[in-house]
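K.L.:
below are the sequence and a predicted model for it; my questions follow.
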Amino acid sequence: MDFREFLKRYKVKDLPLPKALVTLKQSQDGLFSAIQALSEHHLLSAPVVDDDGKLVTILDTLDIAAYIVEMEAAGKKALSDEKLEKLLGRCKNRTSCVTAEEGLDKVVESILGEGRRAVVLSEGKPESIITHSTVVTFFNSKLKEIEALVAPKMAQDICTPRVVTIHDHATALTAFQTLVAQGLSSLIITDDSGAAITVVSATDLVMALGHEDDKSAILSELRDRNVVFFVGDSRKPDRHFSHTRAPIISVSNETPMSMVIEKFATTRVHRMLVVPAGSRKPAGVLSLLDICKGLTSGA
């Protein structure tokens, strides 16, 4: 059995889809309410619907990061609560639309391409979202079926060796400018020796804003705040500046592929570092794309 044949056995309805879907209303929600919704529910994106509940598009945390970087570059002193249409489309990732009866092979192919997720529709209305985490959780539940494809592989065999980093002395603004300029969802923060400290993503910016009573003040904070501590404090519920460092999630280069899938499913992160045993210097990055490529090459 090859990987595609395995996927063809299943449909969208077989996935562990989220039961509750958070949506944004195009005519009612603005930047600040969208940030609050994404932050409170720890989401990377949410469907934007019209007054009839039908899908218009998706708002991504990368859209928000790109808009904020654009406002800072324009010399704005404060962030304003804009309508959603001013934010949409900055993230270039295309979103696929599927039905519950769609074959899983086509869905996985679509979210590994230009899109990072697929929206499950019923009569034009979003019912759920398929993310990379959803798919990896499904793979984890089917490890016995794909055992022959998984068994020979280790993390070092399937990871992407290119690691984009930023120095731990950088400001939060520099980190998000880099994310937007390179079209990335995350960066690795490293120290002077090249050792990994933590990861920064567009979601960290949205989470930080979600904690703020005065969201308009974020621009000055981004300019002044160290990226390591900005990330750490963005992940703290009480949001007090305490110079906290967010933990980094990684696996060793010799971690079996089955354990990589299991760790993805447990942590629900979208990317994971590969770090050789006894070292803190990243040798690669793992994502769902890497897992699927590894399964395919093992067929």
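P.N.:
Cool, the structure landed.
K.L.:
just give me the longest helix of the chain.
P.N.:
The single longest helix within the chain, with elements called by DSSP state H, is helix 61-73.
K.L.:
which other residues reach that helix?
P.N.:
Outside helix 61-73, the residues within contact range by CB atoms under 8 Å, 6 or more residues apart in numbering are 31, 34-35, 38, 43-45, 79-80, 82, 86-91, 93, 173, 176-177, 179-180, 185, 201-203, 205-206, 209, 218-219, 222-223. (Each C-beta comes from the backbone N, C-alpha and C, glycine too.)
K.L.:
filter those down to the buried ones and hand me the PyMOL line.
P.N.:
A single PyMOL command is used to select the members of these judged buried by 16 or more other CB atoms under 10 Å:
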select buried, resi 31+34+35+38+43+44+45+79+87+88+90+91+93+173+176+177+179+180+185+201+202+203+205+206+209+218+219+222
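K.L.:
in helices, which of the contacts of helix 61-73 appear?
P.N.:
Per DSSP H, those map to helices at 31, 34-35, 38, 173, 176-177, 179-180, 202-203, 205-206, 209, 218-219, 222-223.
K.L.:
distance from the longest helix of the chain to the middle of the chain?
P.N.:
Mean-position distance between helix 61-73 and its chain equals 16 Å (CA atoms, centre = their mean, to the nearest Å).
K.L.:
which strands or helices does the helix or strand following it pack on?
P.N.:
Proceeding N to C from helix 61-73, the next assigned helix or strand is strand 96-98, under DSSP states H and E. If contacts are counted by 3 or more CB pairs under 8 Å, 6 or more residues apart in numbering; DSSP states H and E, strand 96-98 sits against helix 104-111, strand 117-122.
K.L.:
strand 96-98: partners in the sheet, and parallel or antiparallel?
P.N.:
Each strand paired with strand 96-98, and its direction, by DSSP bridges: strand 117-122 (parallel).
K.L.:
now do the partner strand and helix 104-111, the angle between them.
P.N.:
Computed by axes from the mean of the first three to the mean of the last three CA atoms, to 10 degrees, the angle separating strand 117-122 from helix 104-111 equals 130 degrees.
K.L.:
how far is strand 117-122 from where the chain is centred?
P.N.:
Worked out by CA atoms, centre = their mean, strand 117-122 lies 17 Å from the chain centre.
K.L.:
show me where this structure dips below the pLDDT cut-off.
P.N.:
Within the chain, the stretches with pLDDT under 70 are 1, 92-94, 113-115, 237-246, 297-299.
K.L.:
80 - rerun?
P.N.:
For the chain, the stretches flagged by pLDDT under 80 are 1, 19, 89-95, 112-116, 235-248, 296-299.
K.L.:
show me the domain layout of it.
P.N.:
Per automatic domain parsing, the structural domains of the chain span 3-142, 155-297.
K.L.:
how about the ones you listed in CSV, adding distance to Ala148?
P.N.:
Compiled in CSV, the domains of the chain are given as follows (distance: least, CB to CB, whole Å):
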stretch, distance to Ala148
domain 3-142, 10
domain 155-297, 10
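K.L.:
what bridges to Val120?
P.N.:
Val98, Ser128.
K.L.:
so it sits right up against Val98, yeah?
P.N.:
Yes - with contact taken as CB atoms under 8 Å, Val120 and Val98 are classed as touching, separated by 5.8 Å.
K.L.:
just to revisit the earlier point, so which of the domains of the chain comes closest to Leu149?
P.N.:
domain 155-297 (4.7 Å; CB to CB).
K.L.:
among the helices and strands packed on strand 96-98, which is nearest Ala20?
P.N.:
Closest among these, using CB to CB: strand 117-122, at 13.2 Å.
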